[in-house]
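Predicted model follows, preceded by the sequence.
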Amino acid sequence: MTTELITATAAELAARLAAREISSVEVTQAHLDRTAAVDGAVHSYLHVDAEGALASARAVDRRRAAGESMPTLAGVPIAVKDVMTTAGLPTTCGSRILQGWIPPYDSTVVARLKAAGLPILGKTNMDEFAMGSSTEHSAYGPSRNPWDLDRIPGGSGGGSSSVLASFQAPLATGTDTGGSIRQPAAVTGTVGTKPTYGGVSRYGLVALASSLDQAGPCARTVLDTALLHEVMAGHDPMDSTSIDAPVPAVVEAARRADVAGMRIGIVRELTGEGFQAGVQQRFDEAVRHLVDAGAQVVEVSCPSFVYALAAYYLILPSEASSNLAKFDAMRYGLRVLPAGDDDPSAEQVMAATREAGFGDEVKRRIILGTYALSSGYYDAYYGSAQKVRRLISDDFAAAFASADVLVSPTAPTTAFKLGDKLDDPMAMYLNDIATIPANLAGVPGMSVPSGLAPEDGLPVGLQILAPAMQDQRLYAVGAALEARLQAAWGAPLLASAPDLTAATAKGA
Amino acid sequence: MSELTRADVAHLAGLARIDLSDAELDKMVGELGIILESVATVQNAPIADVEPMSHPMPLVNVTRADVVRASLTPEQALAGAPEQDQQRFSVPRILDAE
């Protein structure tokens, strides 16, 4: 019974809750029990709110028992990335500088989850301020990949990807600045979407790079991802960059799963060299499935994508150095007094606090951004990067003239071992080579499982990209591929993941 | 582009208000040098007559009606303060000691 509740999809849980076959308290408790059993080994959560989640679950059960008509996902529990403010619950962004901070307000995303009746199980781990591809830059220690506990679950949203892959939650939220939803989904065999920039409100998300950041849904199936997308998305007057237009019909597209006649563009620059053999093999296979489902394949070229990584690692640090200036030890968060000075100035306190409160990667990027924006270098670095950004956006426009969606492998490799790339920042950055262009141009992207790499038995993800505001196309392609692959496999990919309770018992 | 020196990084860290130990500084100089060499390739792109792009979507100024709406109470706003005094944030001295 309990196992059945934690392996069920959110859509199945929603249907059974609506039919009152099960209660939200049962579902929520089953997930909390799972967390108690496995999270010591996986470390998806920075904070678990059992009491709060059960209280929300009881409230939903009560309203349903009273005959109230409830939103689709009411009663289905969710895990929230620790970058989203939650009134009354800690929000640390994986940083020491925010240790113990309890925000006085909810982010719009969290407010919408609450309004839709989703009990919040807890806050998930992440690379500090979302800077990283492995969760190894979390000040609170890394999360682990449920497929192999010695490997990374991706980043920055490795807490959210591992929470899903270890069946501790059926749904989770993420944010994606350069791939932080899609790459973790790829390496854990889960699904994640970065919506069109402006599709989901950024109000109450602790900003990394404001022109790139976008929150989105994470789940184990394409339909579940669509159901959550619909709850999170939509215009918000509290975010001046929020799109004031109806949410694309993502749920309908996921249900229809129709790609007949669709033109699927393979981006020449995002395949072949630099991609692991098994990753490329599963990608080629997925494309054949889409052709069998009625899609046409076209090859497109996006020549400026080779400059995307360089442009990104100028634009992101520049924006981050400015956004993180607010951590100044004055109004909230950590305050550290410099040693050996009994009357330090505000500036000295600020510098001592930021030394103690920020980790290496955050310091690296702030200083890089400070350099890129400094007078004398601005045109050469930040200015050039902004021009490259335009070229990338133009490449997308040209590609979408001949293709309805673009596809590529989500990440160049399967999950690597914890520690493997920690001392080589450039090697770590290369993980995002295929995901970064979408953030620079603001277009939506999804990662959907495409199988296991034969050489290491680890999950591979396929990335789908669509024009801005056409998020529903991601779901049509993702759902069509998912249906065909699951028919071929005979079960969802995660059914072949190792049994964690055995691993946990052994480790304990 | 000129090489980034140890003194440059120390200066930048000062601008960014981050104290760095000598060991951190040594490590950072090497790492930033490698990263800068890589990101400098943006200058090789065909960008001569290209309009810079700061934002993915066309931006328009957004305003709201000038009416009172819910906001934080003083207690909520001060709840995370490292130090507070008389319903205000208490901060270290802001002027240099003479």
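Ah, there it is. Residues are numbered from 1 along each chain as shown, chains lettered A, B, ... in the order given.

any idea how far residue A:220 is from residue A:156?
Per Cβ to Cβ, to the nearest Å, residue A:220 is found 20 Å from residue A:156. Glycine gets a C-beta too; all of them are placed from N, C-alpha and C.

same question, residue A:296
36 Å.

now swap in residue A:417 and tell me
Residue A:417 sits at a distance of 18 Å from residue A:156 (criterion: Cβ to Cβ).

what do you get for residue A:258?
Noted for residue A:258: a distance of 33 Å to residue A:156, by Cβ to Cβ.

Contact partners for the closest residue to residue A:135 other than its chain neighbours?
Nearest non-adjacent residue to residue A:135, counting by Cβ to Cβ, 6 or more residues apart in numbering or on different chains: residue A:158, 3.5 Å away. Contact analysis of residue A:158 by Cβ atoms under 8 Å, 6 or more residues apart in numbering or on different chains lists A:125, A:126, A:127, A:134, A:135, A:142, A:143, A:145, A:152, A:184.

Residue of chain B nearest chain A, please.
residue B:56 (2.5 Å; Cβ to the nearest Cβ).

sorry, back to before: for residue A:296 and residue A:156, indicate the residue with more neighbours.
Using other Cβ atoms under 10 Å in any protein chain shown, the more surrounded residue of residue A:296 and residue A:156 is residue A:156, with 35 against 15.

What distance do you get for the more buried one to chain B?
Distance from residue A:156 to chain B, counting by Cβ to the nearest Cβ, to the nearest Å: 18 Å.

backbone phi and psi for residue A:270, please?
phi -110, psi 30 (degrees, to the nearest 10).

and stretch B:22-30 with chain A, contact?
Yes - where contact is defined by Cβ under 8 Å from any Cβ of the partner chain, part of stretch B:22-30 touches chain A, namely B:24, B:27, B:28.

Let me know the helix or strand that the first one is in.
What it means is residue B:24. Here residue B:24 sits within helix B:22-39, counting by DSSP states H and E.

One more: residue A:175?
strand A:171-176.

got a pLDDT number for the spatially most central residue of chain B?
Centroid-nearest residue in chain B, with Cα atoms, centre = their mean: residue B:16, separated by 6.6 Å. Model confidence at residue B:16, expressed as pLDDT, equals 97.

and if you look at residue A:199?
The per-residue pLDDT reported for residue A:199 equals 98.

Count the residues that sit near it.
Residue A:199: 27 neighbours (other Cβ under 10 Å).

Give the full set of residues in contact with it.
Residues counted as contacts of residue A:199 (Cβ under 8 Å, 6+ apart) are A:214, A:216, A:233, A:243, A:247, A:248, A:444, A:469, A:471.

cool, residue A:455 as well?
Residue A:455 touches A:276, A:277, A:278, counting by Cβ under 8 Å, 6+ apart.

In PyMOL, select just the buried ones from those residues.
Buried residues among these (16 or more other Cβ atoms under 10 Å in any protein chain shown), as a PyMOL selection:
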select buried, chain A and resi 276+278
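
which parts of the stretch 101-250 of chain A sit against chain B?
By Cβ under 8 Å from any Cβ, the residues of the stretch 101-250 of chain A that approach chain B are A:101-105, A:197-198, A:211-212, A:237, A:240-241, A:243.

same thing but 10 Å
Selection of the stretch 101-250 of chain A residues close to chain B by Cβ under 10 Å from any Cβ of the partner chain yields A:101-105, A:196-198, A:210-212, A:214, A:237-244.

so of the residues you listed, which ones are in strands?
Among these, the members falling in strands (DSSP state E) are residue A:214.

Quick one, which of the residues of the stretch 101-250 of chain A next to chain B are buried?
A:101, A:103-105, A:196-198, A:211-212, A:214, A:239, A:241-243.

Format these as TSV; extra columns: distance to residue A:409.
Output for these, formatted as TSV (distance: Cβ to Cβ, whole Å):
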residue	distance to residue A:409
A:101	37
A:103	37
A:104	42
A:105	39
A:196	22
A:197	23
A:198	27
A:211	26
A:212	21
A:214	21
A:239	32
A:241	30
A:242	31
A:243	29
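
Just name the closest of the residues you listed to residue A:475, please.
Using Cβ to Cβ, residue A:196 is the member of those that sits closest to residue A:475, with 12.8 Å.

How is chain A divided into domains?
By the record's domain assignment, chain A is partitioned as A:2-305+A:390-502, A:306-389 (automatic domain parsing).

And for the closest residue to chain B within the stretch 351-500 of chain A, the neighbour number?
Using Cβ to the nearest Cβ, the single residue of the stretch 351-500 of chain A nearest to chain B is residue A:442, 2.5 Å away. Around residue A:442 there are 25 other residues, counting by other Cβ under 10 Å.

how about the closest residue to residue A:252 other than its chain neighbours, what does it touch?
Spatial nearest neighbour of residue A:252, excluding adjacent residues (Cβ to Cβ, 6+ apart): residue A:472 at 7.2 Å. Residues in contact with residue A:472 (Cβ atoms under 10 Å, 6 or more residues apart in numbering or on different chains) are A:226, A:229, A:247-254, A:256, A:444, A:466.

just to revisit the earlier point, for the residue nearest to the centre of chain B, give its distance to residue B:28.
Distance of residue B:16 to residue B:28, computed by Cβ to Cβ: 11 Å.

go on, residue A:431?
Per Cβ to Cβ, residue A:431 is found 22 Å from residue B:28.

more crowded one of the two?
Each of residue A:431 and residue B:28 has its neighbours counted (other Cβ under 10 Å); residue A:431 has more, 26 against 23.

dump the residue contacts of the nearest residue to the residue of chain B closest to chain A once chain neighbours are set aside.
Spatial nearest neighbour of residue B:56, chain neighbours left out: residue A:442 (2.5 Å); criterion: Cβ to Cβ, 6+ apart. Contacts for residue A:442 (Cβ under 10 Å, 6+ apart) come out as A:194-199, A:211-212, A:214, A:241, A:389, A:393, A:396, A:468-469, B:53, B:55-57.

Enumerate the strands of the stretch 151-300 of chain A by residue range, in sequence order.
Here the stretch 151-300 of chain A has its strands, by DSSP state E, counting those that start in this stretch, at A:171-176, A:191-194, A:214-219, A:263-267, A:296-300.

Right, I'll call it a day here.
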